[in-house]
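> predicted model and sequence below, questions to follow.
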Amino acid sequence: MTWLKAYLPLMIRAAALICGVLALYLYGERDPVLSSSILIIITSIVLLKVRGKGSSISYIISVAVILGLTFFFMSMYGVYRNITYIGYYSLFILFFGTVTDRELLYTLRYGRKYPVLIILALKIYGIIVERYYRSLEMNKALLGRRKTVFIKGIIGTLQSLPYLTFRIAEYLHVHLPYIMDREAIQKK
Amino acid sequence: MARAVIKLNNAEIRVDGHVARLSDTIAESPGILYVKGPNGSGKTIFLKTLAGLNDINEIISTGIIIEPRSTRRWYVPQDPWLITLGDTGLDELLLIAKRKIKRVLSNTRLDKILRKRIAHMSYGERKILEIMKAYIVEPDITCFDEPFSGLDKYYRELAEQTINDLARKSLVVIATNKDINKPGASEVKVLVKQLKDDIDPPIPLAGKGEVIVQNLSIRRGNKSIEINGLKLKSGETSTIIGPNGSGKTTTLLAIAGAIKYRGEIILRGKTGFIPDDTLLVSPGVTLNDVITNLCYADRDCMDKSFFTLRELGVWDRNRPYVALSDGQRRLALLIPQLFSGRAVLLIDSWLEGIDMYRRTVVYELIKQYLEMGGIVIATLPRGDRLDVVEGIPAPYD
């Protein structure tokens, strides 16, 4: 059962990935909207299960932004097939965005720096969304259930980006030498 | 493990136009060096300098010698890191090292916490995770910034034991605003200007408020929190006690109406809220902006708040809010809400992180606020289970 427990998430994601590739292969040319929609649904569900609500929402927001840009360029140039790129983007996220920390820990044995940077890149979106939620709660407690709390939350989160960058830099400065030298600490 | 030595000789640290001066001392491993000073004196920037974070924070220091230069250092911040590479506490520990993990997990309570997702951990649980990380790494110099604040009795003892274990092999530096004296430990004081003895700005009349909580039930993740009854009228106080992770902050947020709940909560009057994580207030703004917002731009409230904060050692109103120390940020959130005529004040983690002198002053202000008809509900990491007790703790508790 341990084997199943360890590899089940991997297998589910592999199955989702195969479905995604098939959707793009079969309908990508004929019906890019359908294939991209299938991929968006699969990716958001898998992200929700593997990485939690924050990552799934940030992925949907990113898709909405790309969709907005695509429609903008479509209206300018009439390039309808550009929607397929959302499918490729979703496939990319489905493959890289759902890698769990445990899986990346195994790869630390082979190449140390890059897995850490991948986890970091994946985490940043989640942290911004989490901070937004927490600042929403605080603003609701302070200001009551008003609509302005959502806008204040967004402004507050954007204002906190430079501060977040400093804190991330501090965290990496303290932790990276030890993560890179994991084997040495192990033997100590 | 390398033998680490810290020498301070006319040490001075400058950051963002502010200067911190330190008393002379020599500390060497194994042992403990206490860094003592009130809120905002510069303890954190001294620790960051020791940990090698001076370049990131543009700190200029003189008179601080660390030998040998290649010493491995670790820094544990007062507020837990915002980012963690691991998803669960255990992942985060495993990223650094596998050794000692079994020993850490042999503590059943700790084992339960470490298997939680870090995003679902409470403030105190995240703090104990950071202390455990330092224990696993075992660096030559470990800098702890207020390691015991926000911890319940059990975790405070565990943290003390862990830090003492570390101090038997390496040099541990602890920044604290409390008067701890441990035999054999070295000490460095951050030298500051003496504050006035009496601060007495008048507290305006608080709005008439009422809090009634009946059969409250809150679900957060897989945790269920239940509070049977709480009834407070003007001038009354209550404290929600419980161990770390028992749901004190969640209960306070539910009373404030910020999260969904079952049961009945009647809250009459304007409510104020002071979170345990003071950085949730927009870190990009200045102290002036924070006070203007909390005072609803009321000139009288702003003047009184600035006057009191200045007397408490928070002088520069144009300083970025994020540049203040944790204790100063708590004061900056609490003082304006006392003067703004709010009927109910919800204070998460009571007066944790505020030094004894300022704590006594703030306590007197809160007493005045209660005499004027205000209601205060505080939380404190005490006791074995979530409970509501009458009254608020004394400043020295």
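Here it is on my side, so go on. Bear in mind that the values here come from a model prediction, so they are computed numbers and not experimental data.

> burial measure for B:Lys233, as a count.
By other Cβ atoms under 10 Å in any protein chain shown, the residues close to B:Lys233 number 13. The C-beta positions use only the backbone N, C-alpha and C, and glycine is treated the same way.

> typo on my end, B:Pro80
Applying other Cβ under 10 Å, we find 19 residues neighbouring B:Pro80.

> make sure I have this right: it is in a helix.
No: counting by DSSP: H, G, I helix; E, B strand; the rest coil, B:Pro80 is located in no helix; its state is coil.

> quick one: it and B:Glu130 touch, right?
Yes: between B:Pro80 and B:Glu130 there is a contact at 5.5 Å, judged by Cβ atoms under 8 Å.

> which elements pack onto the strand or helix carrying B:Ile13?
Here B:Ile13 sits within strand B:5-15, counting by DSSP states H and E. The helices and strands touching strand B:5-15, judged by 3 or more Cβ pairs under 8 Å, 6 or more residues apart in numbering or on different chains; DSSP states H and E, are strand B:18-22, strand B:25-28, helix B:43-50, strand B:60-67.

> of these, which is nearest chain A?
Nearest to chain A, of all these, is helix B:43-50, at 7.8 Å by Cβ to the nearest Cβ.

> what does the closest one contact?
With Cβ atoms under 8 Å, 6 or more residues apart in numbering or on different chains as the test, helix B:43-50 has contacts from A:170, B:6, B:13, B:15, B:20, B:22, B:35-37, B:54, B:57, B:59, B:61, B:64, B:66, B:73, B:75, B:77-78, B:141, B:143-145, B:173, B:175-177, B:188, B:190, B:325-326.

> how about the strand holding B:Ile13 as PDB, C-alpha atoms only?
Below are the C-alpha coordinates for strand B:5-15, written out as PDB (Å, rounded to 0.1, in the frame of the first residue of the first chain):
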ATOM      1  CA  VAL B   5      33.700  34.200  18.800                       C
ATOM      2  CA  ILE B   6      31.800  37.500  18.700                       C
ATOM      3  CA  LYS B   7      33.600  40.700  19.800                       C
ATOM      4  CA  LEU B   8      31.900  44.000  20.200                       C
ATOM      5  CA  ASN B   9      34.100  47.000  20.700                       C
ATOM      6  CA  ASN B  10      32.300  50.400  20.400                       C
ATOM      7  CA  ALA B  11      29.900  48.700  18.000                       C
ATOM      8  CA  GLU B  12      27.500  50.800  16.000                       C
ATOM      9  CA  ILE B  13      24.900  49.800  13.500                       C
ATOM     10  CA  ARG B  14      23.400  52.300  11.000                       C
ATOM     11  CA  VAL B  15      20.300  51.500   8.900                       C
END
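
> can you state the direction angle for it and strand B:18-22?
Angle, strand B:5-15 to strand B:18-22, by axes from the mean of the first three to the mean of the last three Cα atoms, to 10 degrees: 160 degrees.

> buried stuff in strand B:5-15?
Across strand B:5-15, burial judged by 16 or more other Cβ atoms under 10 Å in any protein chain shown covers B:Val5, B:Ile6, B:Leu8, B:Ala11, B:Glu12, B:Ile13, B:Val15.

> got the confidence number for the third one?
This means B:Leu8. pLDDT recorded at B:Leu8 is 90.

> try the fourth one
Per-residue confidence at B:Ala11 stands at 90 (pLDDT).

> could you do the last one as well?
We note a pLDDT of 84 for B:Val15 in this prediction.

> what's the spacing between the residue lying closest to it once chain neighbours are set aside and B:Lys304?
Distances taken as Cβ to Cβ, 6 or more residues apart in numbering or on different chains put B:Ile59 closest to B:Val15, at 4.7 Å, once the chain neighbours are dropped. Applying Cβ to Cβ, to the nearest Å, the value for B:Ile59 to B:Lys304 is 34 Å.

> the two: which is more packed in?
B:Lys304 (21 against 18).

> so the more buried one: helix, strand or coil?
Secondary structure state of B:Lys304, per three-state DSSP, is helix.

> hang on, B:Gly263 packs against B:Ile212?
No: between B:Gly263 and B:Ile212 there is no contact under Cβ under 8 Å: 10.6 Å.
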